[in-house]
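Asker: Any chance you can model this:
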Amino acid sequence: MTPRLLEKYRKECIPAMQQKFGIKNPMAVPRLDKIVINMGVGEAMQDMKIMDAAVQDLTIIAGQRPVIRRARNAISNFKLKINAPVGCTVTLRRARMYEFLDRLVNVCLPRIRDFNGVSRKSFDQRGNYNLGLTEQTIFPEIDPGRLSRSQGMDIAFVFRNGNPEHNLELLRLLGVPFARVSESAKDKKKD
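Answerer: Numbers count the residues shown, from 1 in each chain. Below is the predicted model of the structure:
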């Protein structure tokens, strides 16, 4: 079964992007290539149970098992040894990616307290978008009663065929709620 956002991308987003930016070939329209979710767990050096809990939470959130990332260098000031576990990451593609994005946009982001939208300034030079979350409890799959500590995560949206302006429009068409630009910010930009 095709995910709802993938159908929306094919039927609504591609024609809208072609019309707005004057793109003639539908294959030249930017598309979401992958979503990378990363959790940094520095406290896991002292207690491996913290890493196990983070891996379990990320597995529940993403729907696939993450890879444990290990330290490449030793840093004595941080008591970090080579090969010590420092985080976990998972890469989502195709149907799982669109299902995760659908849950993130429609269920999780509205659960953030005092949420006014995500920043428009989080694009890198290649046009990829990065979003940081402070806790994993916004996902309904996570039971807040069993958590011993709150854990944040970084979510990177990696695009193909795009620049930041085109990718911003694509994410907006897919339903990502961006923060409104205030009038004072517009005035500063003009000056």
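Asker: I'd like to know which elements whichever strand or helix holds I37 is packed against.
Answerer: Assessed by DSSP states H and E, I37 sits inside strand 31-40. On a contact count with 3 or more CB pairs under 8 Å, 6 or more residues apart in numbering; DSSP states H and E, strand 31-40 meets helix 48-62, strand 85-92, helix 94-103, strand 153-160, helix 164-174. Using the backbone N, CA and C atoms, a C-beta is placed for each residue, glycine as well.
Asker: helix or strand right after the first one?
Answerer: Read that as helix 48-62. Following helix 48-62 toward the C-terminus (DSSP H and E): strand 67-70.
Asker: Sort out which residues of that following strand are buried, please.
Answerer: The neighbour-count check on strand 67-70 (16 or more other CB atoms under 10 Å) flags I68 as buried.
Asker: What of stretch 138-150?
Answerer: I138, F139, I142.
Asker: Geometric centre of the protein: which residue is closest?
Answerer: The centroid of the chain falls nearest to I155 when counting by CA atoms, centre = their mean (2.5 Å).
Asker: Leaving aside the residues adjacent along the chain, what's closest to that residue?
Answerer: Spatial nearest neighbour of I155, chain neighbours left out: L131 (4.6 Å); criterion: CB to CB, 6 or more residues apart in numbering.
Asker: Specify the stretch among the helices and strands packed on strand 31-40 that is closest to K121.
Answerer: helix 164-174 (9.4 Å; CB to CB).
Asker: Contacts only, for N163.
Answerer: When contacts are counted by CB atoms under 8 Å, 6 or more residues apart in numbering, N163 is found next to P30, G127.
Asker: related to what we said a few turns ago, the strand holding I37 to helix 48-62, inter-axis angle?
Answerer: 160 degrees (axes from the mean of the first three to the mean of the last three CA atoms, to 10 degrees).
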